[in-house]
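S.K.: Got a predicted structure here, sequence first:
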Amino acid sequence: MSKTAIVIGATGLVGSEVLDLLLRDDRYSKVKVFHRRSTGIKHPKLEEHIVDFDAIDDWKLKLTGDELYSALGTTIKKAGSQEKQYNIDYTYQFETAKAAAKNGVKKYSLVSSAGADHRSKVFYSRLKGELDRDVKDLSFEVITIMRPSILAGERNESRLGESIGMFFMKFVTKIPGLKKYRPILGRTVAQGMINSLHKCPPGYHIFELDEIFYL
């Protein structure tokens with residue numbers, strides 16, 4: 001049976017790879033994308049919606065399908081403040097997931113981050129952890145959460161912190177026991193998200209670091 005997938009964050013490193021993989025996958029007849037700017041992609045399976053995430057009530061009824069892939073996110077530098085980053089990384093993703101679940105979407109996969117913990121004193125880790133925790137209570141049959149190490153691949157924007165991290169990780173991961181922290185390609189995370197929704201039984205599943213390589 002052909003399926004409909006929903007993607008938010010489709011212009012980012014992981015989200016763009018999710019979109020590409022879904023468009024190539026014969027199991028999907030339609031891919032709905034909701035975002036703030038066009039991907040510029042033309043494809044017969046692609047249904048693109050340019051939306052205002054601050055006005056989700058205007059378009060939430062369009063969040064219908066079989067699976068939701070959530071890869072929306074930004075940096076504090078680009079957002080301009082912690083409040084604005086929280087709004088994008090937590091509020092937009094949670095409200096989209098809540099609406100999709102209410103509309104009957106059965107499966108959900110989310111890109112989180114290594115070290116995500118709602119009790120953390122580190123702002124970014126805490127907001128990621130809060131989202132991971134709160135989506136657990138939504139009515140999806142299957143929820144899978146990816147917590148990758150540093151993401152590798154071509155971005156539309158430069159992230160100095162990740163570039164520095166990538167440089168040091170090349171050496172650190174050669175130390176026994178630290179291989180699991182090695183950088184991971186955005187496409188590998190994207191494929192893991194799709195595979196997880198096909199493999200995992202009903203429930204809430206978190207995949208940490210190198211576990212994503214084996215999905």
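M.R.: Sure thing, it's come through. Residues are numbered from 1 along each chain as shown.

S.K.: drop to CA atoms for contacts and neighbour counts, all remaining ones
M.R.: Fine.

S.K.: mind listing what residue 23 touches?
M.R.: Residue 23 makes contacts with 31, 43, 45, 46, as judged by Cα atoms under 8 Å, 6 or more residues apart in numbering.

S.K.: now, which of these sits nearest residue 65?
M.R.: Distance to residue 65, by Cα to Cα, is smallest for residue 31 among the contacts of residue 23, at 8.9 Å.

S.K.: Adding neighbour count, distance to residue 152 and secondary structure, write the contacts of residue 23 out as TSV.
M.R.: TSV is the format used below for the contacts of residue 23 (neighbours: other Cα atoms under 10 Å; distance: Cα to Cα, whole Å; DSSP: H, G, I helix; E, B strand; the rest coil):
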residue	neighbour count	distance to residue 152	secondary structure
31	24	25	strand
43	11	26	coil
45	15	27	coil
46	17	26	strand
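
S.K.: Farthest pair within these?
M.R.: Maximum distance among the contacts of residue 23 (Cα to Cα): 9.6 Å, for 31 and 43.

S.K.: wait, is residue 93 part of a helix?
M.R.: Yes. Membership of residue 93 in a helix is supported by DSSP: H, G, I helix; E, B strand; the rest coil.

S.K.: For it, list the residues it contacts.
M.R.: 70, 72.

S.K.: lowest-confidence helix or strand of the chain?
M.R.: Ranked by mean pLDDT, DSSP states H and E, the weakest helix or strand in the chain is helix 160-172, scoring a mean of 52.

S.K.: List the contacts of residue 215.
M.R.: 191, 192, 195, 196.

S.K.: Show the buried residues in these.
M.R.: Taking 16 or more other Cα atoms under 10 Å as the criterion, what is buried in the contacts of residue 215 is 191, 192, 196.

S.K.: for the first one, what are its contacts?
M.R.: In this case it means residue 191. Applying Cα under 8 Å, 6+ apart to residue 191 gives the contacts 18, 21, 215.

S.K.: Same question for the last one.
M.R.: Contacts for residue 196 (Cα under 8 Å, 6+ apart) come out as 109, 144, 215.

S.K.: follow-up on the earlier one: okay, and which of the contacts of residue 215 map to helices?
M.R.: Judged by DSSP state H, the subset of the contacts of residue 215 located in helices is 191, 192, 195, 196.

S.K.: Could you report the separation of the first one from residue 93?
M.R.: The span separating residue 191 from residue 93 equals 20 Å under the rule Cα to Cα, to the nearest Å.

S.K.: And the strands in this structure, which stretches?
M.R.: In the chain, the segments counted as strands under DSSP state E are 3-8, 28-35, 46-50, 67-70, 107-111, 142-147, 151-152, 184-185, 203-208.

S.K.: want to throw these into TSV with mean pLDDT and distance to residue 117?
M.R.: Formatted as TSV, those follow (pLDDT from 0 to 100; distance: least, Cα to Cα, whole Å):
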stretch	mean pLDDT	distance to residue 117
strand 3-8	98	23
strand 28-35	97	27
strand 46-50	97	32
strand 67-70	99	18
strand 107-111	98	14
strand 142-147	98	11
strand 151-152	82	19
strand 184-185	88	20
strand 203-208	97	12
